[in-house]
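Enquirer: Structural data only, the sequence is not supplied:
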DNA sequence: CCAGAAGCAATTGCATGCACTTTTTGCCTT
DNA sequence: AAGGCAAAAAGTGCATGCAATTGCTTCTGG
């Protein structure tokens, strides 16, 4: 009996698998180097191996998993060196977005950025990490959109998602919340002035600092990064 | 009869399909918007639909094809606007690579770049477009590697391959060869001096000019870009 | 006791088949 | 004659089954 799936949320089964497995990787639930057994995954999500295989193929194309022919798939192992290169790239990409935003944002985009940024200040005062994280994500998304460049937007979002596992707990560090907001403030101010050079520099510095804060979660050069299982 | 494939070149069948279909898209043999029928492709390459489906999934993740649920796959349609955004991104990415290269290339990398660059000068004098194209590709690859940043390298190569169909015939334009070499020369000189700012600017300008040269092959804002079938 | 080869279990890779969705075509109604 | 509805055809999406490759275990010879 080709049984009907209990809950069909949206999109195809493969898309759901990509999101589901991708999420588990991005959130650190699946650890780098962990073996991704097709049969287990199929059983885990109550589908056949076919969509699992397709999902693994796509995740492989995205760089989240590694696939050796006839030897199965594992969660992509990120070396300390490669992690550093991703953070550096992220800094450059954010700098580009901020620079373009300073030059190209419409007045309504600028207004929206300012308003959201001010709203997030309340989260800082309340010390609401969870809520601030939402505003933080939204803030950066506005920068990416404000660049008015679809391809840079795509590259940036892709890189950001690959870095997600390593940015996760940064807001737990004491004082990081307020510091983050101040860095955002520098970026916003520069964009409002239309100062693209300053905006780019501020954005680059912001990511660089996040990078350093996240380095805590990396262990050493050889071993894959390890995170706790939820 | 699960017949044996006649020629097994390397890698899995799916990898071959990705390369085969990807090549046909990148070289313009398959035109944007063209329908990619799973059954036809399976018959064309003498495999079943399963590897075709996986390949299409991966190509979709790479952005070379678009896939609508239950409605089949088509070669990704690139609007004039999106094409412009890719060229602009490419200029920024090359600028980053050149900037990093100026700062980080080892002396042997610098020497290799210089030697290859001088060698390519002969191709210009001979007017050998084909051979120059090889040196040109190699030149840019050296820049990407010289940045010593694996992730930027990856993003740059990915973007470059997506732009490939639109850069194809640029060297046919008269005088383009010599001009390209002079632009390369600016980049090399800056890198040799270790002048990262100048190297970045020169690289960005180089791509921008290529972009303008390639714009010839774009038609208008609405319609998908069309290229001749080989 | 160890090295190497052969057999075995486990898992991947691909083909095929069936169900569901979309699209087209032909007929009926207005 | 035009519009709409319905049924069929086409094509996608997923499940299942079988062949092939890999890695491990075990057995044999040195």
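Expert: The structure has been received and is ready for your questions. If you're wondering where the values come from, they're calculated on a predicted model, not measured in any experiment.
Enquirer: So residue A:102 is in contact with residue A:201, correct?
Expert: No - using C-beta atoms under 8 Å, residue A:102 makes no contact with residue A:201, being 10.8 Å away. Backbone N, C-alpha and C define where each C-beta goes, glycine included.
Enquirer: higher neighbour count, the two?
Expert: Neighbours per residue, other C-beta atoms under 10 Å in any protein chain shown: of residue A:102 and residue A:201, the larger number sits with residue A:102, 26 against 17.
Enquirer: For burial, what's the neighbour tally of the closest residue to residue A:203 other than its chain neighbours?
Expert: Excluding the flanking residues, the one nearest residue A:203 by C-beta to C-beta, 6 or more residues apart in numbering or on different chains is residue A:98, at 3.5 Å. Residue A:98 sits with 31 neighbouring residues when counted by other C-beta under 10 Å.
Enquirer: Repeat that for residue A:119.
Expert: 12.
Enquirer: Tell me, what's the model's pLDDT at it?
Expert: Residue A:119 is assigned 94 on the pLDDT scale.
Enquirer: Please tell me how far it sits from chain B.
Expert: Using C-beta to the nearest C-beta, to the nearest Å, residue A:119 is found at 30 Å from chain B.
Enquirer: Test my guess that that residue contacts residue A:134.
Expert: No - between residue A:119 and residue A:134 there is no contact under C-beta under 8 Å: 10.6 Å.
Enquirer: thinking again about what came up before, what kind of secondary structure is the residue nearest to residue A:203 in?
Expert: Remark: residue A:98 carries the secondary structure label helix [criterion: DSSP: H, G, I helix; E, B strand; the rest coil].
Enquirer: and it, what is it in contact with?
Expert: For residue A:98, the contact set (C-beta atoms under 8 Å, 6 or more residues apart in numbering or on different chains) comprises A:143, A:187, A:190, A:191, A:196, A:199, A:200, A:202, A:203, A:204.
Enquirer: Please, where are all the helices along chain A?
Expert: Taking DSSP state H, the helices of chain A run over residues A:13-26, A:38-45, A:49-62, A:80-104, A:107-126, A:129-146, A:150-167, A:176-193, A:196-214.
Enquirer: want to try CSV for those helices, with distance to DNA strand D as columns?
Expert: Formatted as CSV, the helices of chain A follow (distance: least, C-beta to the nearest atom of the strand, whole Å):
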stretch, distance to DNA strand D
helix A:13-26, 3
helix A:38-45, 7
helix A:49-62, 4
helix A:80-104, 23
helix A:107-126, 35
helix A:129-146, 28
helix A:150-167, 22
helix A:176-193, 39
helix A:196-214, 33
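Enquirer: who wins for proximity to residue B:78 among those helices?
Expert: helix A:150-167 (10.2 Å; C-beta to C-beta).
Enquirer: Against which helices or strands is the closest one packed?
Expert: helix A:13-26, helix A:80-104, helix A:129-146, helix A:196-214, helix B:80-104, helix B:150-167 (3 or more C-beta pairs under 8 Å, 6 or more residues apart in numbering or on different chains; DSSP states H and E).
Enquirer: With mean pLDDT and distance to residue A:114 added, can I get those in TSV?
Expert: Shown next, in TSV, are the helices and strands packed on helix A:150-167 (pLDDT from 0 to 100; distance: least, C-beta to C-beta, whole Å):
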stretch	mean pLDDT	distance to residue A:114
helix A:13-26	91	30
helix A:80-104	96	12
helix A:129-146	92	10
helix A:196-214	89	14
helix B:80-104	96	25
helix B:150-167	91	30
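Enquirer: So for residue B:71, which of the ones you listed sits nearest?
Expert: helix A:13-26 (13.8 Å).
Enquirer: buried ones in the closest one?
Expert: By neighbour count on 16 or more other C-beta atoms under 10 Å in any protein chain shown, the buried set for helix A:13-26 is A:13, A:14, A:15, A:16, A:17, A:18, A:21, A:22, A:24, A:25, A:26.
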